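> Attaching a predicted model along with its sequence, questions to come.
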2 protein chains.
Amino acid sequence: MRHAAPEGGAGRPAAARPTSRDVARAAGVSQAAVSLVLGEKWRGRVSEATADRVRESARTLGYRPNLAARNLRLGRTRTALLVVPALTNEFFARVYTGAAEVAADHGFGVVLYPSPGGVGPARDPFDSARALLDGVIASSMAAEALAAIRGDELPLVMLDSDPADSRGAALVNLGIAEGMRQVADHLLALGHRRFLHLAADIDSWTFRVRARMLAERLAEAGAELRTAPTPLSVAGAREAAGSALGAPGPPPTALVCDDDLLAAGALKAARRLGLRVPEDLSVTGFDDVMLAGALDPELTTVHLPAEEFGRQGMRTLLTVLDGERPAPLTLPARLVVRGSTAPPGARGD
Amino acid sequence: MRHAAPEGGAGRPAAARPTSRDVARAAGVSQAAVSLVLGEKWRGRVSEATADRVRESARTLGYRPNLAARNLRLGRTRTALLVVPALTNEFFARVYTGAAEVAADHGFGVVLYPSPGGVGPARDPFDSARALLDGVIASSMAAEALAAIRGDELPLVMLDSDPADSRGAALVNLGIAEGMRQVADHLLALGHRRFLHLAADIDSWTFRVRARMLAERLAEAGAELRTAPTPLSVAGAREAAGSALGAPGPPPTALVCDDDLLAAGALKAARRLGLRVPEDLSVTGFDDVMLAGALDPELTTVHLPAEEFGRQGMRTLLTVLDGERPAPLTLPARLVVRGSTAPPGARGD
DNA sequence: GTGGCGACGTTATACGTATTACTGATCATC
DNA sequence: GATGATCAGTAATACGTATAACGTCGCCAC
């Protein structure tokens, strides 16, 4: 038996959010009718006139459907999770922006993980958020979260990841290998023979691909390659580049960096050593973030279509949610030649 | 009357998410008991032994509460909205990171607005998200959204905003004025007398404060000040700085920029004009983002505690949600002197 | 023995929505 | 004028949770 009805009409709170029932009352119809009309499911079930009355009432009352109730009823939330290493990395901020744009076009929201920096041992924000997700888009640099996700069998789109790891997940990739090939060919064409690779010390597919392609291409051309691992920061790169450039033996004439940030550090190291860029040393970056254009000289770098990458990731997730199986996709990366590369100059061997 | 029960036990889907009722069944208690135990509300209402049994069942079943149901029941969502102009601006990415960190500590999530770039006329993602928010943190540079928010009477924390505009909203500010004062004093102490202000052409409180404080301080010191408005981008700043520096009359010896991005553009413009920084021209930035340390010379700039700003914003919102009225707060900004400023040199008057 | 009181739970809701099954009409058709 | 068929809508759920209100048992005091 139901609880007794509250005292009729008394004590009604001043301005509580109106519900669909309030709209129904105002329009003189049932709550079901309101739901049908506002849900655009009334083709032959409600008259045009009544539908108009309902819409009118909804508007004047300022009705907003309660999403919690809707989510509960429908069992979906129109919310996707984007897993990225760090939002302070402009590249990922742009991926987010693209994903969120497409999401909004389809009434979806995008929520980020991790919120703080890394998967905390104590609390796991993803853990609690998981309950209200429809799907996940995960970058390869956040492999840690994948196990948990797979356990839940959530629809998953992987970004820039090893196809061998995808285990049935949808895939959107960037032409990283092709980009690095263009870097190598560009520098080789300029006449460089001694290379240094400033390599991010992160164990991630995307960086392994860069290293492999560079090594392969330079080996084919018979050029010399040394590698200096470095943390993914300007300061770390400056230090790593500084000691690598100061090492004994004939100095490299071209410095290939895994990321624009690293190239920025390399530029500083070069200047400290009295090397002019590009006359004495050519430097290349990767990603083509704002920084690449802010430096002097501007960086020759590989442009990655970050926003489009995010957009495509979200589109792919939507496809998966529609029950289709999207074909793997690769967005093109292309070399952008600017001022930080030139033929090996006076100082060259 | 209720619908007939579904055919007993048949057709049970393979691995549907377990509910609190499933846990209850497994532990041999009622659903209410599960809710009490897992909600830590069982002080004197459930025996220790039973509570253990419940927790055990929940664990083995891998139970996760359905957040949609919880949100519906409780009428809150533990979700806050952060309104920022653009996440690709590192400063705001860091504000987000800080806010999300504190939020996670309290079981809150943070969702961003705008998802795409700006408030679209057709669709308004905020509009739909509004229904499931507990509160809002809004930066001053996103004033457009405020009207909508105030209409809903959502708890609101304003970041870096004019106290006169706050109309009862809680406030967290940065010591922008103090930061700019330090810039002016630093350059005056170095001996500069002719200033150029590269000013963001955005009508926002934070930039008005900068302009006012700089003008005030320089006027007090009897120094000369010109202002060049510029779009908030490296390229825009390079152009604006280029023409301002090339203008007739005695050239400025100090260039004060509203943002590190603008300073980056200024550095490029200066180099193009053959001006050495800092010998011929001192340049200052604002924000102290990664870029400031990546440039050469490194920027003298005003450090803003971005993450702490976000953290404090979230803490303040939590306070408001607790029904308290937090005192307005101002986080300190401080000048960081690096390599882009020096006494006016050979070229000085 | 009965009234009372902790301790330990359970029963019965309500939250606001979307949707399925139903109900009266009205209308055309034979 | 009975028979469907179509239209226009309504009644009654269920989604999964949190919690207020209600037992029930054992035990003690009087």
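Alright, I've got the coordinates. Numbers count the residues shown, from 1 in each chain, chains lettered A, B, ... in the order given.
> A helix includes A:A264, no?
Yes: A:A264: assigned to a helix according to DSSP: H, G, I helix; E, B strand; the rest coil.
> mind checking pLDDT for it?
Listed pLDDT for A:A264 reads 98.
> residues near the residue nearest to it when sequence neighbours are not counted, how many?
Sequence neighbours aside, B:A294 is the residue nearest to A:A264 in space, at 4.0 Å (criterion: CB to CB, 6 or more residues apart in numbering or on different chains). C-beta coordinates here come from the backbone N, C-alpha and C atoms, glycine included. Applying other CB atoms under 10 Å in any protein chain shown, we find 26 residues neighbouring B:A294.
> go on, A:E220?
Counted by other CB under 10 Å, the residues lying close to A:E220 total 10.
> for A:R70, same thing?
Each residue near A:R70 was counted by other CB under 10 Å, and the total is 18.
> got the contact list for it?
By CB atoms under 8 Å, 6 or more residues apart in numbering or on different chains, the contact set of A:R70 is empty.
> Just the element for it, please.
Using DSSP states H and E, A:R70 sits in helix A:67-74.
> now A:A237
Using DSSP H and E, the element containing A:A237 is helix A:234-245.
> Which neighbouring elements make contact with that helix?
strand A:194-200, strand A:224-230, strand A:254-257, helix A:260-272, helix B:290-294 (3 or more CB pairs under 8 Å, 6 or more residues apart in numbering or on different chains; DSSP states H and E).
> So what are the sheet partners of the shortest one and their directions?
The partner list of strand A:254-257 in its sheet, established with DSSP bridges, is strand A:194-200 (parallel), strand A:282-284 (parallel).
> Check what contacts it and list those residues.
Counting by CB under 8 Å, 6+ apart, A:180, A:183-184, A:187, A:190, A:192, A:194-198, A:214, A:237, A:241, A:245, A:263, A:266, A:270, A:281-286, A:341, A:344 sit against strand A:254-257.
> Recalculate using a threshold of 6 Å.
Contacts with strand A:254-257, where a contact means CB atoms under 6 Å, 6 or more residues apart in numbering or on different chains, come from A:183, A:187, A:192, A:195-198, A:263, A:266, A:282-285.
> What is the nearest of these to DNA strand D?
A:G285 (48.6 Å; CB to the nearest atom of the strand).
> thinking again about what came up before, possible to save the helices and strands packed on helix A:234-245 as TSV with distance to DNA strand C?
Listed next are the helices and strands packed on helix A:234-245 as TSV, based on distance: least, CB to the nearest atom of the strand, whole Å:
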stretch	distance to DNA strand C
strand A:194-200	46
strand A:224-230	52
strand A:254-257	51
helix A:260-272	45
helix B:290-294	44
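> what about the spatially closest residue to A:D134 that is not a sequence neighbour, neighbour count?
If the residues on either side of it in the chain are set aside, A:D134 comes closest to A:R76, at 5.2 Å by CB to CB, 6+ apart. For A:R76, the number of neighbouring residues by other CB under 10 Å comes to 14.
> do the same with A:V336
Using other CB under 10 Å, the number of residues around A:V336 comes to 18.
> How about A:G191?
Around A:G191 there are 14 residues (other CB under 10 Å).
> Ok, A:R55 next?
For A:R55, the neighbour count with other CB under 10 Å is 16.
> same check, this time on A:A189
A:A189: 10 neighbours (other CB under 10 Å).
> how far away is it from DNA strand C?
With distances taken as CB to the nearest atom of the strand, to the nearest Å, A:A189 is found 60 Å from DNA strand C.
> I'd like the average pLDDT over the helix or strand where that residue lies.
Element membership of A:A189, judged by DSSP H and E, is helix A:176-190. Regarding helix A:176-190, the rounded mean pLDDT is 98.
> Would you mark the buried spots in it?
Across helix A:176-190, burial judged by 16 or more other CB atoms under 10 Å in any protein chain shown covers A:176-184, A:186-188, A:190.
> Turn those residues into CSV, including distance to A:S47.
Listed next are the buried residues of helix A:176-190 as CSV, based on distance: CB to CB, whole Å:
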residue, distance to A:S47
A:I176, 58
A:A177, 61
A:E178, 59
A:G179, 59
A:M180, 64
A:R181, 65
A:Q182, 63
A:V183, 66
A:A184, 69
A:H186, 68
A:L187, 72
A:L188, 74
A:L190, 74
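> Among these, which one lies nearest to DNA strand D?
Among those, A:I176 lies closest to DNA strand D (CB to the nearest atom of the strand), at 41.8 Å.
> Without its sequence neighbours, what residue ends up closest to the closest one?
Nearest residue to A:I176, sequence neighbours excluded (CB to CB, 6+ apart): A:V209, at 4.9 Å.
> Can you tell me what sits against the helix or strand hosting that neighbour?
Using DSSP H and E, A:V209 falls within helix A:205-221. For helix A:205-221, contacts defined as CB under 6 Å, 6+ apart pick out A:140, A:160-162, A:176-177, A:180-181, A:184, A:188, A:195, A:197, A:199-200, A:225, A:258.
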